[in-house]
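Asks: Output the structure for:
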Amino acid sequence: MAINQMDIKKLFSYSAGQCNICKRNVIEDDVVIGEMAHIIAKSPKGPRGNGNTPRNDTYDNLILLCSIDHKKVDSRPSDYPEHCLRKIKSKHEADITARLNRNREYEQDLSSLNVLFEFIPFLNLREMAMDLPHKLSLDFDIPDVSFNFRKGNPQAYPFWDKKLTRLWETFLLDAEVIENFTLSNICGDKFYAFGEFRTDYTCYNTYVGDDQGNFVVINKRFLSHEQIDLVEQTMTPLVQNFIYSHRELVNYIRFQFKDIKW
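Replies: Modelled structure (predicted):
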């Protein structure tokens, strides 16, 4: 009985056209060099033959091998018993499925990063942060862009790549800390979150918009020299943390996502 076309298609597709043992491609220059080996032989007297099992030419009883490995497993059936070949087949096909899933996950994460970088000037962020503590570009709008992306694309975040997600979360947190500090109030020698202040002190915005509307700058018009020094001392380590997390994320993306569009 000939092997039907559906079983042939399943065997070649699930194995990705590779020998299940040596991983060699079994189609070269449009020529099929692979062989569909029987796990339990067609004949009771054949390799791994079983007189109690009827001939089985279906996908379940076949394994895709190159001619060399086919000859090897049939000439040494004690080294390649039925359970061994089934294990080899199962592992190979599982590895192929995992690889295909990884490819889909890679493409999803790559697409998500490309969308984010359409709105985040990612490679310019380090330069923006270096302007601190004195000023910060209004294009440093990372938390809002990330929030809107996640809200509009719930299927895309967290990223499939767990390390990418972890690095992104650290980077995002450090960006939020900087942004929140630029929105804070200073009352005496204490800082308070946006909208909070002390009633027993005269309080001022720590940063204010510049005249051109391109940056936020230290509020030198109202802050004392001591308060300005305090702002600079407080912001400096926040910038250092951000630059470090930004660099770690950039390096990881460059290594793992070579098709990224910055």
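
Asks: Quick one: the helices in the stretch 101-250 of the chain, in order.
Replies: 125-130, 142-152, 162-182, 225-256 (DSSP state H, counting those that start in this stretch).

Asks: In JSON lines, list those helices along with mean pLDDT, mean neighbour count and distance to residue 84.
Replies: Yep, even glycine has a C-beta here, placed from its N, CA and C like the rest. Listed next are the helices of the stretch 101-250 of the chain as JSON lines, based on pLDDT from 0 to 100; neighbours: other C-beta atoms under 10 Å; distance: least, C-beta to C-beta, whole Å:
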{"stretch": "helix 125-130", "mean pLDDT": "97", "mean neighbour count": "16", "distance to residue 84": "54"}
{"stretch": "helix 142-152", "mean pLDDT": "92", "mean neighbour count": "14", "distance to residue 84": "48"}
{"stretch": "helix 162-182", "mean pLDDT": "97", "mean neighbour count": "17", "distance to residue 84": "34"}
{"stretch": "helix 225-256", "mean pLDDT": "97", "mean neighbour count": "16", "distance to residue 84": "36"}
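
Asks: Please report the distance of the residue nearest the centre of the chain from residue 256.
Replies: Geometric centre of the chain, nearest residue: residue 161, 2.8 Å, by C-alpha atoms, centre = their mean. For residue 161, the distance to residue 256 equals 7 Å [C-beta to C-beta, to the nearest Å].

Asks: Quick one: closest of the helices of the stretch 101-250 of the chain to residue 19.
Replies: The closest of these to residue 19 is helix 225-256. By C-beta to C-beta, the value is 29.3 Å.

Asks: gap between the closest one and the chain center?
Replies: When C-alpha coordinates are averaged (C-alpha atoms, centre = their mean, to the nearest Å), helix 225-256 and its chain have centres 24 Å apart.

Asks: That one to helix 162-182, inter-axis angle?
Replies: 160 degrees (axes from the mean of the first three to the mean of the last three C-alpha atoms, to 10 degrees).

Asks: quick one: the strands in the stretch 51-200 of the chain?
Replies: Ranges of strands within the stretch 51-200 of the chain are 62-66, 135-137, 185-187, 190-192, based on DSSP state E, counting those that start in this stretch.

Asks: the domain parsing of this structure - what is it?
Replies: Per automatic domain parsing, the structural domains of the chain span 5-100, 120-256.

Asks: could those domains be laid out in JSON lines, adding distance to residue 114?
Replies: Shown next, in JSON lines, are those (distance: least, C-beta to C-beta, whole Å):
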{"stretch": "domain 5-100", "distance to residue 114": "21"}
{"stretch": "domain 120-256", "distance to residue 114": "11"}
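
Asks: mind listing what the closest residue to residue 32 other than its chain neighbours touches?
Replies: Among residues not flanking residue 32 along the chain, residue 26 sits closest, at 6.5 Å (C-beta to C-beta, 6 or more residues apart in numbering). Contact analysis of residue 26 by C-beta atoms under 8 Å, 6 or more residues apart in numbering lists 12, 17-19, 32-35, 64-66.

Asks: for residue 107, same thing?
Replies: Residues near residue 107 by C-beta under 8 Å, 6+ apart: none.

Asks: try residue 115
Replies: Counting by C-beta under 8 Å, 6+ apart, residue 115 makes contact with 149, 153, 156.

Asks: Tell me the secondary structure of residue 48, please.
Replies: Secondary structure assignment for residue 48 (DSSP: H, G, I helix; E, B strand; the rest coil): coil.

Asks: correct me, but it touches residue 41?
Replies: Yes. Between residue 48 and residue 41 a contact is recorded at 5.5 Å, counting by C-beta atoms under 8 Å.
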